[in-house]
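In: got a sequence here, can you model it:
(one chain, ligands or ions: 1)
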Amino acid sequence: MFLKTHKTAGSSILNILHRYGDRNSLNFALPYERDFNYSSYFNASWVKGFNNASRAPYDILCHHMRLNISEVGKVMPSDSFYFTILRDPAAMAESAFSYYRTYCPTFKEAPNLKAFIYNTSLYYRPNNESHHYARNLLWFDLGMDPDEPFTEEMASEGVRAVEDAFNLVLFAEHFDESVILLKEELCWELDDILTFKLNARETPTQLEQEDIERLRAWNSLDWYLYVYFNRTFWDKVERFGRERMDMELRRLRERRQQLAELCLEGLKPLKADEIQDEEIKPYQPTDEKILGWKVRHDLRPSTKARCVQMITPEVQYKYLLDDWQFPEDARYRAKEKELEAKKRSKKIRGKKPEAAPVNKLAVSPRNKPDMVAENKPEVVAGNKPEVVAGNKPDMVVGNKPEVP
Ligand SMILES: Nc1ncnc2c1ncn2[C@@H]1O[C@H](COP(=O)(O)OS(=O)(=O)O)[C@@H](OP(=O)(O)O)[C@H]1O
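Out: You can find the predicted model right below:
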């Protein structure tokens, strides 16, 4: 179980989990919509299929929610591994301010970020809709009250609750070390934890030291959590072994570079305007532009499919998983799309009717035979050798293809 907190690199972690679950045909506990009715407290009945007596047990629960640990316990097996991710509340606030500006009146009313930082109480209304984005967002996502006045006793009680609930706490700032610890805990392979940076903004604002300190003080409950778990995180790294961690970091970064060269069109993320394909275009909030990636067009189909998975944003991947787990709903959605396309084509006279979008990930290993096994000649341009997972034995049960 992964508690996906907001603006903390959770989308990159989700990509790891989506691909891992997809590759291993695991059963996701999925929301009906994009998330579990955030910002209400999570409820087990919001998981698709939960009330179906003959359903298989859930393996992964990972989409946005406000934590309600007892309800999560009804959904997930009792031996589940719980983890979450934190980020410095100053950086989170800077990210949240621009990302949620349109939805959060507190942010909307402030003329700019500096004005908010220097006059937080002027703009913040605890009862306003979406106020939770503006103060102690981590604390809120973790199911606690973000408006409780700070006391050492209350804050340490919160820390204890988080410590009791989670087996591992990751850090956005130490993303690579975090996923290495995750790999260790879950007995995964290096390729299981590889991901490119997803959901990054085009134009983050550089914070000055004074801004950082003010934002940490404003989000004092989150800062308390952050400081505490940052310490325990590095204790874990010590136990893992510093030298071993350095070696693992080198392996991880080398492999990511190999995959970037194999998969990506350009090694830098692309601006939203450069990505037209809706299947891989990240969700764009109103006031901010989110960067994305494109896959090289000269790859053989099976490699391309797996590269596309690595850059598929959370929302699109979630719907693909939903399509596979609930084919009935997928057929219904496809019909709806077809109808919409027909309606649009009627309106735009003289123009060729628009076909329902082709689902490129339909070549996912979940549904299709392994195309690597077809001995198709490789169509990779140039003489670049394809970087597949070295000689690592395929750890996937059955005849599933290896990850690129
Ligand atoms: N791998 C890695 N390492 C470090 N930081 C990363 C990584 N992946 C994503 N990010 C940054 O995380 C921010 C997006 O967080 P989320 O994906 O959790 O946002 S969301 O709540 O799902 O919208 C977003 O931060 P901002 O750019 O400051 O908004 C991303 O740049």
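
In: what is the worst-scoring helix or strand of the chain on mean pLDDT packed up against?
Out: Least confident helix or strand, the chain: helix 327-347 with a mean of 85, by mean pLDDT, DSSP states H and E. Helices and strands touching helix 327-347, by 3 or more CB pairs under 8 Å, 6 or more residues apart in numbering; DSSP states H and E, are helix 314-325. Using the backbone N, CA and C atoms, a C-beta is placed for each residue, glycine as well.

In: give me the angle between the helix it packs on and helix 327-347.
Out: 120 degrees (axes from the mean of the first three to the mean of the last three CA atoms, to 10 degrees).

In: tell me if helix 314-325 is near the ligand.
Out: No. Using CB under 6 Å from any ligand atom, helix 314-325 stays clear of the ligand, with a minimum separation of 6.5 Å.

In: what comes into contact with that helix?
Out: Here helix 314-325 makes contact (CB atoms under 8 Å, 6 or more residues apart in numbering) with 11, 14-15, 18, 21-22, 27-28, 30-31, 34, 48-49, 63, 198-199, 278-280, 283, 309, 312, 329-330, 333, 359, 361, 364, 366-367.

In: look up how far the ligand lies from the nearest residue in space to Y58 that is not next to it in sequence.
Out: Of all residues not flanking Y58 in the chain, A29 sits nearest, at 4.0 Å (CB to CB, 6 or more residues apart in numbering). With distances taken as CB to the nearest ligand atom, to the nearest Å, A29 is found 18 Å from the ligand.

In: same deal with Y133?
Out: Counting by CB to the nearest ligand atom, the gap from Y133 to the ligand is 10 Å.

In: residues near that residue, how many?
Out: Y133 has 22 neighbours, counted by other CB atoms under 10 Å.

In: I'd like to know how far it sits from S39.
Out: 9 Å (CB to CB, to the nearest Å).

In: so what's the gap between stretch 140-154 and the chain middle?
Out: 25 Å (CA atoms, centre = their mean, to the nearest Å).

In: buried ones in that stretch?
Out: 140-144, 146 (16 or more other CB atoms under 10 Å).

In: out of the residues you listed, which comes closest to R255?
Out: Closest approach to R255 among the buried residues of stretch 140-154 (CB to CB): D141, at 30.9 Å.

In: the residue nearest to the closest one when sequence neighbours are not counted: neighbour count?
Out: Setting aside the residues directly before and after it, D141 is nearest to T5 in space (CB to CB, 6+ apart), at 4.5 Å. For T5, the neighbour count with other CB under 10 Å is 26.

In: identify the residues contacting I117.
Out: I117 is in contact with 211, 214-215, 218, counting by CB under 8 Å, 6+ apart.

In: so what secondary structure elements neighbour the helix or strand hosting L138?
Out: If you go by DSSP states H and E, L138 is part of helix 137-141. Identification of packing neighbours for helix 137-141 by 3+ CB pairs under 8 Å, 6+ apart yields helix 89-99, helix 220-240.

In: helices or strands up against the shortest one?
Out: Applying 3+ CB pairs under 8 Å, 6+ apart, we find helix 89-99 packed against helix 113-118, helix 137-141, helix 209-218, helix 220-240.

In: for those, give me a markdown table that also has mean pLDDT and distance to K294.
Out: Listed next are the helices and strands packed on helix 89-99 as a markdown table, based on pLDDT from 0 to 100; distance: least, CB to CB, whole Å:
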| stretch | mean pLDDT | distance to K294 |
| --- | --- | --- |
| helix 113-118 | 98 | 31 |
| helix 137-141 | 98 | 31 |
| helix 209-218 | 98 | 34 |
| helix 220-240 | 98 | 34 |
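
In: so which of the ones you listed gets nearest A91?
Out: Comparing the helices and strands packed on helix 89-99 by CB to CB, helix 209-218 comes nearest, at 8.2 Å.

In: check whether that closest one comes near the ligand.
Out: No. Under the criterion of CB under 6 Å from any ligand atom, the ligand is not reached by helix 209-218; the shortest gap measures 13.0 Å.

In: how about the residues of the stretch 151-300 of the chain by the ligand?
Out: 172, 175, 197-201, 204.

In: among those, which are located in helices?
Out: Secondary structure assignment by DSSP state H places F175 of these in helices.

In: look up phi and psi at the residue nearest to the spatial centre of the chain.
Out: Taking CA atoms, centre = their mean, the centroid of the chain lies closest to S11, which sits 1.7 Å from it. With angles defined as degrees, to the nearest 10, S11 sits at phi -70, psi -30.

In: OK, contacts around the closest residue to it other than its chain neighbours?
Out: Excluding the flanking residues, the one nearest S11 by CB to CB, 6+ apart is N199, at 3.9 Å. Counting by CB under 8 Å, 6+ apart, N199 touches 9, 11-12, 282, 290, 313-314.

In: and those residues as a markdown table, adding pLDDT?
Out: Output for the contacts of N199, formatted as a markdown table (pLDDT from 0 to 100):
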| residue | pLDDT |
| --- | --- |
| A9 | 98 |
| S11 | 98 |
| S12 | 98 |
| P282 | 95 |
| I290 | 97 |
| P313 | 97 |
| E314 | 97 |
